[in-house]
Each structure stands twice: as structure tokens, then as C-alpha cells.
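Asks: need coordinates for the following:
(2 chains, ligands or ions: 1)
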Amino acid sequence: MRVALFITCVNDTLYPRTGQAVVTLLERLGVEVGFPEAQSCCGQPQFNTGYRHETEPLMRRYATAFRDYEYVVTPSGSCAAMVRDNYPRMGAKAAAEGRGQELANVAAEAVPKTYELTEFLTDVLKVTDVGAYYPHTVTYHPTCHGLRMLKLGDRPRSLLAAVKGLNLVELPGAEECCGFGGTFAVKNAAVSAAMGADKARNITATGAEAVCTLDNSCQLHIGGTLARQGSTVRPVHLAEILASTEGDVW
Amino acid sequence: MPAFPQAANASTRNTHLRANLRHATHTIRAKRATAVAELDDWSRLRAAGAAIKDRTLRHLDQYLEQLESAVTAAGGQIHWAADADEANRIVTELVRATGEREVVKVKSMATQEIGLNGALATAGITAYETDLAELIVQLGDDLPSHILVPAIHRNRGEIRDIFTEKMSQWGRPAPDGLTDAPADLAEAARLHLREKFLNAKVGISGANFMVAETGTLVVVESEGNGRMCLTLPETLISVVGIEKVVPTFQDLEVFLQLLPRSSTAERMNPYTSTWTGTTDADGPRAFHLVLLDNGRTDTLADTVGRQALRCIRCSACLNVCPVYERAGGHAYGSAYPGPIGAILTPQLRGTQSELDASLPYASSLCGACYEVCPVAIDIPEILVHLRERVVEGGPASVRGTRTVIKPAKGHAAERAAMRAARWALDHPRLLRTGQRLASRTRRFHPRRLPGPGRAWSDTRELPKVPEESFRDWWQRTRGGSGTGSGTEGRKDTT
Ligand code: SF4
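Replies: Numbers count the residues shown, from 1 in each chain, chains lettered A, B, ... in the order given. Sure, this is the predicted structure:
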């Protein structure tokens, strides 16, 4: 099994710990992990803001960078959804514009091998107990793209439930968007901030020590809002929880 | 009209408005979820609704011609209106021909879309809204802010005050000592409206559906006030968007299940009124159907955007939308607020104005709207599609002609930034250099950002740039081991 990590641009630049946690976790589970350095961003910020033509080179780069691998695993629901939902759309649009099948083929190559981390663990490796230990009270924020585009269902929860020492508390309004939305956070700053503030208050009210997400970008927004509200709850990516063991606390 | 972000900025600060909206939308969304969960074939029903609408839209011309024949055969008259002005002119002429100066109206989105009440007022004709929530909006000299509950932004106390102050200017005054108890408010409205119904000679309606094979129009409502408008006047004028047609009477079976559960969380809506042409000695003597295009043909020409024409105006997408909940309906600047408004308005009106160009961005793309939509309109897909039209331009149909439209103004800086970012991301070595520079200068990073980034740092802490990027960590710890650092990266030259 040749498994490559897709460490998204946000992971890479702002949250390298998440990537390190994925490596630690997968290697502990006996997976040989590769990191093709030609990889970059999936193009989600460009695509979602309307710059489809700026996205196309990044889509080609993605397919090329991971060409030698059977699986691509990423700790981001929204980037996995970008590849799975939007690459085929871009391919179809290019074909409809009379530009041939090239981009559709690129999409067809990239899509089936791309897995969000929790999907890879539960569907490919078929594990829910990854031998993690995390003695903290945690609440869980399901990210929108994981929830609605990837339909992750209870995969993340079942992984959390198997973590020793972890006390999972319910988050009221968990399925509501945190308000990040990429450039939405800047273009519609007031609404984004209002959504974030409500989310952060709900998180703090649970009394949890940490809030678990599946996406560093939501974490950026939620974490920034919690900090500004003076909350002590810390945002943490699921990979970091799963990477923790009794001997090696993350 | 200000662009969406400016309008929303004001409403997010109105805590009173936000509380009203939050309470109303959260109550109805929970009820809807229960009502939908009762049916084990909801997903098939939803697929059937989408399929019927799609098939109809593909052959819209045929079904409209069939409708025209059926309505005419039943004693009605058809009028085709290409745009709002034409529709307003037609309706005004029809009312003038009756010699009346007053009309009663059943809530209709199409007439809001074209601004009919204003056009009639200019011609010296007064239109009385008879839907309870529309009445509140009209008396309050306000605009609707929700598809189903136009006065959702008002609470009971405000409604009592509006009735007490304004009813007398429009007809029968509110009873003395009116309280804000729902039953009292309803009774005050009932007495006020009864006078209107009994005097009205002309009624104006919209329709939820039009059946091509029989020429039948359908209105579904909860109060029965619409039915009064449809049956008591001598002349009935219905203004309906061309996309509301369905092929057969049996198709209603699907929509009359989808609509009430999605909109009011009811198994069946309380009043379903159907009317077909005219009938001797019963109901209106004259029936006119104004078929409204007003951008719909252009929308139909767009293979992605046309999904929006499936909409049955249930308002479920508004009730789950976190953006609508904070921004309120008025911020969308059109008869269609919320997620459906964000995709329908820029298609019907085009993306030229600042407001219309901002609407496709009025979403975090969380997907909650798509999940609840009873006719499975992929709203996030259309939002992104329209964003592309705003920033990159492209082919579109404008008033029936295929053209290539230019990008909307004011995106040059953003476009340059996107291009630069893409360029850097397409050259990972350069990206790495940038990351290293950022981490080396981390001590100097400001706590507040300048320019567009300020919007971020006003309410959120900025993340600290880590000392080492993932790439550098990988190089340092695994780089030499050969586990997949791959040749792709080495070939990369920037
Ligand atoms: S888009 Fe869908 S959910 Fe929204 S009002 Fe229309 S039918 Fe209802």
C-alpha cells in the first residue's frame, strides 16, 4: 500500500503539528507514509471565490504529485471534498467549453484515491481503536464539508469514542457552520464573526478543555474567536488526539 | 441598495432582530426535521420532485403552450410579460378596464419581484395585502424579510403597535385596548380584512403551481385569506412565473407532500385552492393569467444555474441558513432572501449592480441549504458558479441573447492576489521560501492586519506562524530516508 500525505497549504504553513500527528499516527498503524514535495494547495480558496481558471493548474499539480500513489490521505474534510466534488465539475466544465477531456481525466485520476483521514482509518485500514490515550474532556465540532459533502457520519465520533481517557461532551448546535468559509470570513466579516462568536460561546459552555475539529481552517477561525473571547478551551485537530498515546502525549 | 456585506453588517448589530430571527428559524427548523423524518420515502419523493421539475424545464416551451390552450379553453385569458415593466403595465390596464381603484391581494412573490403594488399606486390604484404577515409588512410600511413569514423580523408587541397606529389609515381601525395575544391580533386582522374582501371587485394572486394539461392554478396557504381573494372578486388576475408549470394534475401529488413538510412542517397544508378558468355563477367572471419571464429564460439557458428554477418557495433553506439568521432578509435586497435569493436574484437581475454581484458571496458554503431543499437544488454549486461569473465573466444569456459578459467591477485587486497566490502555490520551492521568511519574521508580525485582513483581526486572534513548516519538518526528519519525497519535488524549479 503506497500512501501519500496531502498536507494542505493551511496545515503546512500554520498547523504543521497536525501533519506531524498524521505521520506519527499512520506510522504507528504500520503504514508507510510518503510526502511528495511537488504537492501544494488543492485550489479550494481560488475555486470557491470564483477563480476556476486559476484553480486548474493546481488541480493538475495535485494529480501529478500523487501519481505514484495508491492512496492520498489528508487531514482536511474540506480539501478532500474539494478534490472529490469539484475536480470532476471542473473537468466537466472544461469539456463543455470545448477544451477536451484532459481535465476530466485529471479529475478521474485524482478522485478515487483521495481520502479524508477518518475515512482512511475506518474504511481502508478498518480501525476505529487506534490505541490513543487522551485524558481530557473534549467536545466535537463536525466540520460542514466533512458532514455534508463527504458524509463522514459517525466515523469521527467512533474514533473519538475509542480513545482511552477521553470524555466526550455534546456540543449544542454542533452541526451549524462555524462561519469560516474561506474568503467568506473576510468578504462578509460581520456575519462570519457573528457565527464564530455563537459557535465559540457554545463551545465554552460545554465546559470542555478542548474542541476537536477535522479541519485546520475551521480551527483557525474557531481558535481565533475563542482566544479573543478569552476562553481557555483549546482547539485541537482530531489527528493530534489520535496520535497521543500514554507514552507520547501530543 | 447597499451591497450585502454592508447591509448585513448593520443587521448583525441589531440584537433584537437577531433574537427574533433566531427564535423563529430554530423553532421551524426543528419541526421540519421531525415532519420530514416521518416519511421513510422522503429521499425518493425529493428525487421525484427534482425530476418532474427538470423534465418540465427541458420542455418548458411546450408545457407553456399546452397551458395557454387549456386556460383559454376554460374561459381564461393569457398575457405574456417579458419583464417587470410589461407585467405591471398589463395588470394596471386590466384593473383600469374594470373601473376599480382598489384590489385585494393574496401573498405573491412574483408581484413583489416586479414591484406591482408600487406600479399600481402610481396609477392611483390601492392594493390591499390580505395575508396576515403581508398585512403587517404593508401596514408597517416595511419590506418582507422571509418567503413564508414575511414579517418574521417582527415580534408580537411590534405587531400590536403597528395595528393600533396604522389600521385606521387603511380601513377598519384596530379594536380599542388591543393586546399582543395572538388570538386578539388575529381577530383584529380578521375584522379589518373582512371589509376588504366583501367590497373587493378585483383580486390579484400568484400561484404555487400551474397544471399544463388542465389549465389549473394552485395556491397553498394556511389562513384561508387567499381563498377569499380567489373566490369573492368578480375579476381575478394571477401573476405567475413561467417556471411554476407542472405537466399533469397527478404531479401535484409529489409537490403537495414536499411543500408543506418543508415549509410549515405540516403533513398537509390547511388550504389548497385550485381554479381553472371561469365558471358560470360561481367565483370570478373574468380570469387573467399573466405569465412572467423577467429573467427566467436567461436562467434556463444556464445549465448549472437553471436548477434554481425548480424552487417551490418552501423557505426551508432560509430557516437553516446561518447567514440568513444573522443578516436578516432585508440585506438580500430583493423579494427572494436567503440562500435561494442569493442564487435566484443575480440570475434574474444579472450581476451588474454591486448588490447583485455581492449576493453569490453571501454564504459560507456550509451546504445546509442543499441538505434541506425538497427539490435538491445544489445551492452551493450555483453560488460558486455565479461567483465565477462575477469575477471572471463568461458566457451568459441576457434578455434572450447569448453574450459574453465582462467581470464585475472592483475585483481587480482580488484577481491579482488570487493569481499571485496561485502562482506561488504552483511553485512549491517559492512557497517554502515564503514560509521560511514568515517564520523568521514571526516576532514582528502585527496583532492587527491592515487592508481587507482587518476584518479578520477585528474579532479574531491571528494565529502565530510556527517556527517550522510541515515541509521543513519533513525534510529535516524524513528528508534523507527516501520515503516518498519523490522525484516530482526535486524536478520542481522556481
Ligand atoms: S431553494 Fe429549495 S429549500 Fe429553498 S425555498 Fe426553494 S425549494 Fe425551498
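Asks: residues near residue 26, how many?
Replies: Picked chain A for this. Neighbour count for residue A:26, taken as other CB atoms under 10 Å in any protein chain shown: 23. C-beta coordinates here come from the backbone N, C-alpha and C atoms, glycine included.
Asks: um, chain B though
Replies: Residues lying near residue B:26 (other CB under 10 Å) number 15.
Asks: from the ligand, how far out is it?
Replies: 16 Å (CB to the nearest ligand atom, to the nearest Å).
Asks: tell me the contacts of that residue?
Replies: For residue B:26, no contacting residues are found, by CB atoms under 8 Å, 6 or more residues apart in numbering or on different chains.
Asks: is it correct that it falls within a helix?
Replies: Yes: counting by DSSP: H, G, I helix; E, B strand; the rest coil, residue B:26 falls inside a helix.
Asks: alpha carbons of stretch B:232-245, as CSV, please.
Replies: Taking Å, rounded to 0.1, in the frame of the first residue of the first chain, the C-alpha atoms of stretch B:232-245 are listed here in CSV:
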residue,chain,number,x,y,z
LEU,B,232,-65.1,36.7,-3.9
PRO,B,233,-64.0,39.3,-6.5
GLU,B,234,-65.5,39.5,-10.0
THR,B,235,-62.2,39.7,-11.7
LEU,B,236,-59.1,37.5,-10.8
ILE,B,237,-55.7,38.4,-12.1
SER,B,238,-52.9,35.8,-11.4
VAL,B,239,-49.3,36.8,-12.0
VAL,B,240,-47.1,33.7,-12.2
GLY,B,241,-43.5,33.0,-13.1
ILE,B,242,-43.3,30.7,-16.1
GLU,B,243,-41.3,28.1,-14.2
LYS,B,244,-44.3,27.3,-12.0
VAL,B,245,-45.8,25.0,-14.6
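Asks: so which bits of it are buried?
Replies: B:232-233, B:235-245 (16 or more other CB atoms under 10 Å in any protein chain shown).
Asks: same deal with stretch A:86-103?
Replies: Using 16+ other CB under 10 Å as the test for burial, stretch A:86-103 gives A:86, A:87, A:88, A:89, A:90, A:91, A:93, A:94, A:103.
Asks: give me the nearest residue to the second one, chain neighbours excluded.
Replies: When you say that, I think you mean residue A:87. Excluding the flanking residues, the one nearest residue A:87 by CB to CB, 6 or more residues apart in numbering or on different chains is residue A:107, at 3.9 Å.
Asks: show me what secondary structure element comes after the helix or strand where the one you found lies.
Replies: With elements taken from DSSP states H and E, the one containing residue A:107 is helix A:102-110. Per DSSP H and E, the first helix or strand lying C-terminal to helix A:102-110 is strand A:114-116.
Asks: re earlier: nearest to residue B:125 among the buried residues of stretch B:232-245?
Replies: Nearest to residue B:125 among those is residue B:237, at 11.6 Å by CB to CB.
Asks: doesn't residue B:93 make contact with the closest one?
Replies: No: using CB atoms under 8 Å as the test, residue B:237 is too far from residue B:93 to be in contact (10.4 Å).
Asks: and what about residue B:290, helix, strand or coil?
Replies: What three-state DSSP gives for residue B:290 is strand.
Asks: could you pull out the helices for the stretch 51-200 of chain B?
Replies: For the stretch 51-200 of chain B, the helices defined by DSSP state H, counting those that start in this stretch cover B:60-73, B:84-98, B:109-114, B:116-122, B:132-139, B:156-170, B:182-199.
Asks: return the member of the buried residues of stretch A:86-103 nearest to residue B:53.
Replies: residue A:89 (21.0 Å).
Asks: pretty sure that closest one sits against residue B:381.
Replies: Yes: contact criterion CB under 8 Å: residue A:89 and residue B:381 qualify, at 7.2 Å.
Asks: could you check how far the residue in chain A that the ligand sits nearest to is from residue B:100?
Replies: Nearest residue of chain A to the ligand: residue A:148, at 14.4 Å (CB to the nearest ligand atom). The gap separating residue A:148 from residue B:100 is 51 Å, by CB to CB, to the nearest Å.
Asks: those two: who's more crowded?
Replies: The neighbour comparison of residue A:148 against residue B:100 (other CB under 10 Å) goes to residue A:148, with 22 against 17.
Asks: identify the residue nearest the more buried one in space, chain neighbours excluded?
Replies: Residue A:148's closest residue in space is residue B:367 (CB to CB, 6+ apart), at 3.8 Å.
Asks: now do that neighbour, the pLDDT please.
Replies: pLDDT recorded at residue B:367 is 97.
Asks: so what's it up against?
Replies: By CB under 8 Å, 6+ apart, residue B:367 lies in contact with A:144, A:145, A:147, A:148, A:149, B:380.
Asks: again, only this time at 10 Å
Replies: With contacts defined as CB atoms under 10 Å, 6 or more residues apart in numbering or on different chains, the neighbours of residue B:367 are A:81, A:85, A:144-145, A:147-149, A:177, B:320, B:378-381.
Asks: distance of the residue nearest the centre of chain A from chain B?
Replies: Among the residues of chain A, the one closest to the centroid is residue A:76, at 1.4 Å (CA atoms, centre = their mean). Applying CB to the nearest CB, to the nearest Å, the value for residue A:76 to chain B is 13 Å.
Asks: separation between that residue and residue B:228?
Replies: 56 Å.
Asks: then residue A:195?
Replies: Remark: distance between residue A:195 and residue B:228 (CB to CB) = 42 Å.
Asks: I figured the residue of chain A closest to the ligand hits residue B:364, correct?
Replies: No: checked against CB atoms under 10 Å, the pair residue A:148 and residue B:364 is beyond contact range at 11.8 Å.
Asks: what segments of chain A are helices?
Replies: Ranges of helices in chain A, per DSSP state H, are A:9-14, A:16-28, A:44-49, A:52-65, A:77-81, A:87-96, A:102-110, A:117-119, A:144, A:155-161, A:184-187, A:189-205, A:216-228, A:238-243.
Asks: what about the last one, near chain B?
Replies: No: looking at helix A:238-243 against chain B by CB under 10 Å from any CB of the partner chain, there are no contacts, and the closest approach is 12.0 Å.
Asks: by mean pLDDT, point me to the weakest helix or strand of chain A.
Replies: helix A:9-14 (a mean of 82; mean pLDDT, DSSP states H and E).
Asks: doesn't residue B:1 belong to a helix?
Replies: No: counting by three-state DSSP, residue B:1 falls outside a helix, being coil.
Asks: tell me which element the nearest residue to residue B:431 once chain neighbours are set aside falls in.
Replies: Excluding its sequence neighbours, the residue lying closest to residue B:431 (CB to CB, 6+ apart) is residue B:424, at 5.4 Å. For residue B:424, the host element (DSSP H and E) is helix B:412-425.
Asks: next secondary structure after that helix?
Replies: helix B:428-440.
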